[in-house]
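In: Build me a structure from this.
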Amino acid sequence: MGNEHVEQGGLLGMMIERGLVSNAEEILSLQKLTYKSEADIYNDLTIEPLVQSLDDVKKQFEDHLILKAVVDGAIIGSVRAYYRAGTCYIGKLNVHPDFQNRGIGKKLMGEIEGLLSHLHGTNCLLGAKAPKTFDCTKTSDTGHLKLNQSIRI
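Out: Residues are numbered from 1 along each chain as shown. I've put the predicted structure just below:
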């Protein structure tokens, strides 16, 4: 995928790109904005996405695949993935509240899934209390990962 722009349907001008360490501050700000509602579910403003430091996010660029959705130069969504011990973990999927329910989260998941489709056994970790943990399997006919349960974003 490189850092090339990939035109996505549904939201005119939206691009999905690899995130750069120079985007860490904007990605972290978006993360804190979007996870505020999840913190309200937990009744806990100390959940990891809200207390994660900028240095922690910058360090994740060393071993995570980080994608961003961009409109007019602003990051409106992102997702991260890493691979350990035979399992690929996808998490921190977030979309700016003003852009939710437009399929951006699904597009981010589709893009990261496509980039990781050669890996076996994927867990999509999107939240512990909310019903957002999904097992994915590689389909034999297409070779792509398939969510065993749909994601509502």
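In: isn't residue 111 right next to residue 16, touching?
Out: Yes: using C-beta atoms under 8 Å, residue 111 is in contact with residue 16, at 4.9 Å. Every residue, glycine included, has its C-beta placed from N, CA and C.
In: List the first helix or strand encountered after the longest strand anywhere in the chain toward the C-terminus.
Out: In the chain, with assignment by DSSP state E, the single longest strand is strand 74-84. Toward the C-terminus, strand 74-84 is succeeded by strand 87-95 as the next helix or strand (DSSP states H and E).
In: What angle do strand 74-84 and the next helix or strand after that following strand make with each other?
Out: Next helix or strand after strand 87-95 toward the C-terminus (DSSP H and E): helix 104-115. Here helix 104-115 points in a direction 40 degrees away from that of strand 74-84 (axes from the mean of the first three to the mean of the last three C-alpha atoms, to 10 degrees).
In: Which elements pack onto helix 104-115?
Out: strand 15-18, strand 65-71, strand 74-84, strand 87-95 (3 or more C-beta pairs under 8 Å, 6 or more residues apart in numbering; DSSP states H and E).
In: The third one pairs with which strands, parallel or anti?
Out: Paired with strand 74-84 in the same sheet, following DSSP bridges, are strand 65-71 (antiparallel), strand 87-95 (antiparallel).
In: would you list these in a markdown table and tack on mean pLDDT and distance to residue 23?
Out: A markdown table is the format used below for those (pLDDT from 0 to 100; distance: least, C-beta to C-beta, whole Å):
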| stretch | mean pLDDT | distance to residue 23 |
| --- | --- | --- |
| strand 65-71 | 96 | 6 |
| strand 87-95 | 85 | 13 |
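In: Could you dump these into JSON lines with mean neighbour count and distance to residue 117 added?
Out: What follows is the strands paired with strand 74-84, written out as JSON lines (neighbours: other C-beta atoms under 10 Å; distance: least, C-beta to C-beta, whole Å):
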{"stretch": "strand 65-71", "mean neighbour count": "21", "distance to residue 117": "12"}
{"stretch": "strand 87-95", "mean neighbour count": "21", "distance to residue 117": "10"}
